[in-house]
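Asks: Can you look at this prediction? I've put the sequence above it.
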Amino acid sequence: MPKIVRNQLTFQRVKNEKRPGRYADGRGLYLIVSDHGSRWWQWRGTVNGRRREIGMGSVYTLSLADAREKAAEWHQIARSGSDPAEHRDRQRGEIVSFEEASRQVWADQVDGVARNDKHRKQWISSLETYAFPTIGNRPIAIVTQSDFLGVLSAIWIQKPETARRVKQRMKAVMDWARASGFCEGVNPLEGIEKALPKQRQRTKHFSAVPWQELPELMRRIEDVEGVGALALRFLILTCARSGEVRGAIWSEIDVDAGVWTIPEERMKAGRAHRVPLSPAAMALVDAMPKVDDFVFASRKKGRPLSDMTLSAVLRRMKVDATVHGFRSSFRDWAEEATSFPHEVKEAALAHAVRNKVEAAYRRTDLFEKRREMMVDWNSFLTKGEF
């Protein structure tokens, strides 16, 4: 008689296992680890002569001990000739709607987790606008691919970027629903774009000020009062992103060395980035009062400036450009007015190295070369005033 294997998993393994695969514990209980690191429980067994795989829920909502208890219960139910899935649905007592599931995913995976406040709000508001009016009340177990096609087809061509984001968010909700045991089978959002018209590919360019006009604009910004204008000047001088500047704290800045080190958790590429501070950037930092942890403190103590603060400065000045566009202005200046190598320009913008071989051999952040370039950028913007 074969030996019955039980309790093969441990709490630590369930918590830390990152290799994709299916890991048995016994009595039909399996830990599933996806390619993206998601982990959930699955029960496998025979029901009336047929093999069944039934989702039990996420490891974050169902402990190992509870999963074992439920698997043992389902094992006995299957042996008696009944279907554990039907038993699960009866125990659940109520059917979760698509909107309820979406709000749960938002609460667990986005709200309080996402670093970008704008993304956090848009995540749920996009579903409120485009999905909930038509499928929000439908039980998530019976929402079909046709339902999702109805949501997407209305905006797929007219609002392609919004449609793609809505698709990704609905897919995340259905992935959660499958992992949590609310529905089974293939995610209906998989491959759904094949049933939709082909979108016209468009390259999005951020509106940017011509680099030749930047010195005059910098002088105009100096006449604008407020922390937003100071932060905007610092952004232009450092070629950083808005969120990086607004989130800058004093401990990141080494005044003696003239270096601003942005930690990896605040960088788009997920790697710490050193920014050489030019004379004008250092003078701006030296003039900032230390009234908060943030270099550019907002009116709400302990909170960074809002995402719209820097944009508002440009609107008041009637400048037809985006904040992010100043990085494009810098790139154009570097191409047309300097002879610095391509990799130095890319490093200044903290762009990820796309070539995997090149990335593997890149051992330096080209800091000293970048310092030279930022001094030249400083001189151009200020016309030698620093």
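Replies: Received it, and whenever you're ready, just let me know what you need.

Asks: longest helix anywhere in the chain?
Replies: Secondary structure of the chain read by DSSP state H shows that its longest helix is helix 160-179.

Asks: tell me which strands and helices that one is in contact with?
Replies: With contacts defined as 3 or more Cβ pairs under 8 Å, 6 or more residues apart in numbering; DSSP states H and E, helix 160-179 has these neighbours: strand 50-58, helix 98-105, helix 117-130, helix 145-153. Any C-beta I mention is one placed from the backbone N, CA and C, and that applies to glycine too.

Asks: Which helix or strand lies directly C-terminal to the lowest-mean-pLDDT helix or strand in the chain?
Replies: Of all the helices and strands that make up the chain, the one with the lowest confidence by mean pLDDT, DSSP states H and E is helix 356-361; it has a mean of 42. Where DSSP states H and E defines the elements, the next helix or strand beyond helix 356-361 is helix 367-382.

Asks: tell me how far that following helix is from the chain's mean position?
Replies: Distance of helix 367-382 from its chain centroid, counting by Cα atoms, centre = their mean, to the nearest Å, is 31 Å.

Asks: helices or strands up against that helix?
Replies: If you count contacts as 3+ Cβ pairs under 8 Å, 6+ apart, helix 367-382 packs onto helix 214-222, helix 227-238, strand 273-276, helix 279-287, helix 325-337, helix 342-348.

Asks: tell me the most buried of those?
Replies: helix 227-238 (a mean of 24; mean count of other Cβ atoms under 10 Å).

Asks: who's in contact with it?
Replies: Residues outside helix 227-238 that contact it (Cβ atoms under 8 Å, 6 or more residues apart in numbering) are 214, 218, 221-222, 240-242, 245-246, 248, 260, 275, 277-278, 280-281, 284-285, 288, 295-298, 305, 309-310, 312-314, 323, 326, 330, 374, 377-378, 381.

Asks: Could you rerun that using 7 Å?
Replies: For helix 227-238, contacts defined as Cβ atoms under 7 Å, 6 or more residues apart in numbering pick out 218, 221, 242, 245-246, 260, 275, 278, 280-281, 284, 288, 296-297, 305, 309-310, 312-313, 323, 326, 378, 381.

Asks: what do you get for stretch 60-77?
Replies: Taking Cβ under 7 Å, 6+ apart as the criterion, the residues outside stretch 60-77 that touch it are 9, 11, 14, 25, 27-29, 41, 43, 45, 56, 84, 87, 180.

Asks: Over to stretch 250-258?
Replies: With contact meaning Cβ under 7 Å, 6+ apart, stretch 250-258 is reached by W260, T261, I262, P276, L277, M282, V285, K290, D293, V295.

Asks: how about the helices and strands packed on helix 367-382 in TSV, adding mean pLDDT and distance to T162?
Replies: Compiled in TSV, those are given as follows (pLDDT from 0 to 100; distance: least, Cβ to Cβ, whole Å):
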stretch	mean pLDDT	distance to T162
helix 214-222	93	31
helix 227-238	95	27
strand 273-276	94	30
helix 279-287	93	36
helix 325-337	92	21
helix 342-348	90	30
